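**Student:** What follows is a protein structure lacking sequence information:
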């Protein structure tokens, strides 16, 4: 657990001013971009005064905002969306002040799962409600089931195929959530229903938008306006497996896009080729990670693919401290090119996804994976890496199906 | 610690017989290959009887043997080389029986370091003697120094630049080792001076040999004789960075070569392209790993290269459980192609070498590394991966030196 939230702040407005001579104006809101005048309309949120600021180049780094499909209850104190450090602090303080002992989390994606971990570590009873059949539905069903097993094994009550239709409110507090005709009471209700890009300013300025309303950018992070750039959770990226624009807001991507935009705005030359959607999280001792495309996405793209799914161990079974893991790998049937992969397992399993991410960047086939020279010693690995075993199983499927 | 050595046995002669119908003849020694007659001379070590066995195809998997430069003392009980599971059992039994409290290890490579870990875990006083200036001299000096610091921090007495010239023997036991004119007493003396290929049979049969006397093979694991194949620690491999044959005996390579040879002998088609020399080990909480070439090897090859060396952390500093690590990366000055890399750090650091091994397999440049989509979440990684930071530092060196 992190003791003090101040350690989570990478930089303050003061740091920007002192170290980089950047004039950061906090508590100011840009309400309109005027591309023809290379200007923005800004409101000082303290004095409520409005002014026009001109720019040579404008960078949009407006991020994303959590989905909140229940606007009627948005002002209620014990129904929260966690969108920022500030809202995390509000949550933490509320739990302590109100002695919260039970929480309902609506949505079982990354944020839902990470909230569940933080709450169960504080001995709070957690119920997760998921509309779909599986938690973490970016994973294939068989892999998602392993994550669900981990959540339930460590105390989370999981309600899948369950849709929230409303909330019972009394004395300006939610008392119960209504889902599939049932009501489930709790002290606190959290929404983890994903995010949507904060692109209203860009849209109103006439900039082109991409998937899910994200801001369209080229590989230099330039928008459809020559003087306006965008980076981070507000904008699209190219998926390196499908070569199509996607909206996959993640911290590492935001950093790389920001760096690329900064270099280009400063007169340099930098390109950001795109993403694989590599992501990782954990719930207690259950780790999960993926990269590239999953089977649902591959089907939507109409790709002909095979998969290999295996169970293996992080370490030789004779060596203490290892754990089991499952790997699922996807490859194009005709070319054998690897298209994506997923890992769910115990401690020391999920970070191995990086090896597969590199294989995707390299455009490797299943055959290429068979001979990669990965590190081996009993305290670290098995002599045949689980990813290599999965590649071999997927290759068998190629040969079986093509008979 | 592993409790019982039987768990370390992958297969017994009986398993081979039952599961695979393979007639394994243990306690038999092949003393000569007769390539023209497609036969071998075999001695039954129990009955001492000799016979000729013919073959269609012959696979040499004779492994490597430890270097023992002190033949005069090779029959002495408390001077050991650790070469097999059997010799490990002898060591373990000797320590218990003789209540060993102090050990001198000659040689500070992988085997020396791993022996030191096993011994200090049993509260035995360990002195390591290394002829060269650095332990683990496959690492660059600055990285090797970090390993040395770890050994010394956790109780090993390290004597570098120290050459063993002999042993004081009394009552058929070594009492002291003589090194740099000094004598160092101990209960037990272990040699970890590397290995040399067991290639005498191949040599005597007229097969071509490669580096360090290893058996020359092509990418199908065939030797210079059409009917004789070789795999494992007895034979060479092609280094994928230098494209030159090398002798780097490692378990993963042996497995891949064995699989390749087996498929080809069985009439299939398999190729083993080569190795990067990826290796990993640890001493208590100090992990180290490398892949590709080090600066000494690059100099010998006459390559013009830059390097980037950085200190970073496995996790964001605010997140509990992280550790520090150092990364050193090498790249060709003109093409920026990555040539090798090394990691030394705390728990959770060394296995990340696999990401770099994949970059080498892919022939990636430093620029390619800047945008790789590696997994990020605070329990697993920093937002900028240490390998990416090292690539950026190496790129700066390219630009500085070329001004």
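**Tutor:** Right, received. Where do you want to start? Computed from a prediction, not measured in an experiment: that's the story for all the values here.
**Student:** Now do the end-to-end distance for stretch A:187-195.
**Tutor:** Counting by C-alpha to C-alpha, to the nearest Å, you get 24 Å between the two ends of stretch A:187-195.
**Student:** and what of stretch A:272-285?
**Tutor:** Across stretch A:272-285, first to last residue, C-alpha to C-alpha, it's 34 Å.
**Student:** Right, and chain B sits closest to which residue of the stretch 101-250 of chain A?
**Tutor:** Taking C-beta to the nearest C-beta, chain B has its nearest neighbour within the stretch 101-250 of chain A at residue A:250, 7.1 Å off. All C-beta atoms are positioned from the backbone trio N, CA, C, and that covers glycine.
**Student:** how far away is that residue from residue A:357?
**Tutor:** Relative to residue A:357, residue A:250 is positioned 12 Å away (C-beta to C-beta, to the nearest Å).
**Student:** Helix or strand, whichever it is, which one in chain A has the lowest mean pLDDT?
**Tutor:** Confidence across the helices and strands of chain A bottoms out at helix A:13-20, with a mean of 86, counting by mean pLDDT, DSSP states H and E.
**Student:** Pairing partners for the helix or strand just after that one, with directions?
**Tutor:** From helix A:13-20 onward toward the C-terminus, using DSSP states H and E, the following helix or strand is strand A:28-34. Paired neighbours of strand A:28-34 in the sheet (DSSP bridges): strand A:39-44 (antiparallel).
**Student:** so is residue A:162 in a helix, a strand, or just coil?
**Tutor:** Here residue A:162 is recorded as coil under DSSP: H, G, I helix; E, B strand; the rest coil.
**Student:** That one against residue A:128, yeah?
**Tutor:** No - the pair residue A:162 and residue A:128 fails to qualify as a contact (C-beta atoms under 8 Å) at a distance of 9.4 Å.
**Student:** show me where the stretch 51-200 of chain A has helices.
**Tutor:** In the stretch 51-200 of chain A, helices defined by DSSP state H, counting those that start in this stretch lie at A:85-97, A:110-120, A:141-153, A:200-204, listed in chain order.
**Student:** same for the shortest one, what does it pack against?
**Tutor:** When contacts are defined as 3 or more C-beta pairs under 8 Å, 6 or more residues apart in numbering or on different chains; DSSP states H and E, helix A:200-204 sits against strand A:28-34.
**Student:** which of the residues in the strand it packs on are buried?
**Tutor:** residue A:33 (16 or more other C-beta atoms under 10 Å in any protein chain shown).
**Student:** That strand - what's its average pLDDT?
**Tutor:** Per-residue pLDDT values across strand A:28-34 average out to 97.
**Student:** ok so, going back, who has more neighbours out of residue A:162 and residue A:128?
**Tutor:** Under the criterion of other C-beta atoms under 10 Å in any protein chain shown, the comparison of residue A:162 against residue A:128 puts residue A:128 first, with 26 against 19.
**Student:** My understanding was that the more buried one contacts residue A:152; is that so?
**Tutor:** No - here residue A:128 does not reach residue A:152: they are 9.7 Å apart, not a contact under C-beta under 8 Å.
**Student:** Spit out the contact partners of residue A:80.
**Tutor:** For residue A:80, the residues meeting the contact criterion (C-beta atoms under 8 Å, 6 or more residues apart in numbering or on different chains) are A:87, A:90-91, A:94, A:188-191.
**Student:** Quick one, grab the pLDDT at it.
**Tutor:** In this prediction, residue A:80 carries a pLDDT score of 93.
**Student:** before we move on, the earlier item: intersection of neighbour lists for residue A:250 and residue A:357?
**Tutor:** Taking C-beta under 8 Å, 6+ apart as the criterion, residue A:250 and residue A:357 both touch residue A:278.
**Student:** out of these two, which sits in the busier spot?
**Tutor:** Neighbours per residue (other C-beta under 10 Å) separate residue A:250 from residue A:357, with residue A:357 holding more: 27 against 22.
**Student:** before we move on, which element is that one in?
**Tutor:** Per DSSP H and E: residue A:357 is located in helix A:353-362.
**Student:** ok, and for that helix, which residues are buried?
**Tutor:** A:353-362.
**Student:** Please apply the same query to stretch A:120-136.
**Tutor:** So, applying 16+ other C-beta under 10 Å, buried residues of stretch A:120-136: A:120, A:124-131, A:134-136.
**Student:** Same check on stretch A:155-168?
**Tutor:** Within stretch A:155-168, the residues scored as buried using 16+ other C-beta under 10 Å are A:156, A:158-160, A:162, A:164, A:167.
**Student:** Turn these into JSON lines, columns for distance to residue A:4 and pLDDT.
**Tutor:** Below are the buried residues of stretch A:155-168 laid out as JSON lines (distance: C-beta to C-beta, whole Å; pLDDT from 0 to 100):
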{"residue": "A:156", "distance to residue A:4": "27", "pLDDT": "97"}
{"residue": "A:158", "distance to residue A:4": "32", "pLDDT": "97"}
{"residue": "A:159", "distance to residue A:4": "35", "pLDDT": "97"}
{"residue": "A:160", "distance to residue A:4": "36", "pLDDT": "97"}
{"residue": "A:162", "distance to residue A:4": "37", "pLDDT": "97"}
{"residue": "A:164", "distance to residue A:4": "34", "pLDDT": "95"}
{"residue": "A:167", "distance to residue A:4": "33", "pLDDT": "93"}
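**Student:** thought residue A:13 was touching residue A:26?
**Tutor:** Yes - if you go by C-beta under 8 Å, residue A:13 and residue A:26 touch, sitting 5.1 Å apart.
**Student:** So for these two, which residue has more residues nearby?
**Tutor:** Per other C-beta under 10 Å, whichever of residue A:13 and residue A:26 has more neighbours is residue A:13, with 13 against 9.
**Student:** Now do the nearest residue to that one once chain neighbours are set aside against residue A:51, distance only.
**Tutor:** For residue A:13, the nearest residue in space outside its immediate sequence neighbours is residue A:24; the separation is 4.2 Å by C-beta to C-beta, 6 or more residues apart in numbering or on different chains. Plainly put, residue A:24 is 16 Å away from residue A:51 if you go by C-beta to C-beta.
**Student:** Likewise for residue A:26?
**Tutor:** Residue A:26 sits 16 Å away from residue A:51 when distances are taken as C-beta to C-beta.
**Student:** SS state for the residue of the stretch 1-150 of chain A found nearest chain B?
**Tutor:** The minimum distance from the stretch 1-150 of chain A to chain B, using C-beta to the nearest C-beta, falls at residue A:7 (3.9 Å). Counting by three-state DSSP, the backbone at residue A:7 sits in helix.
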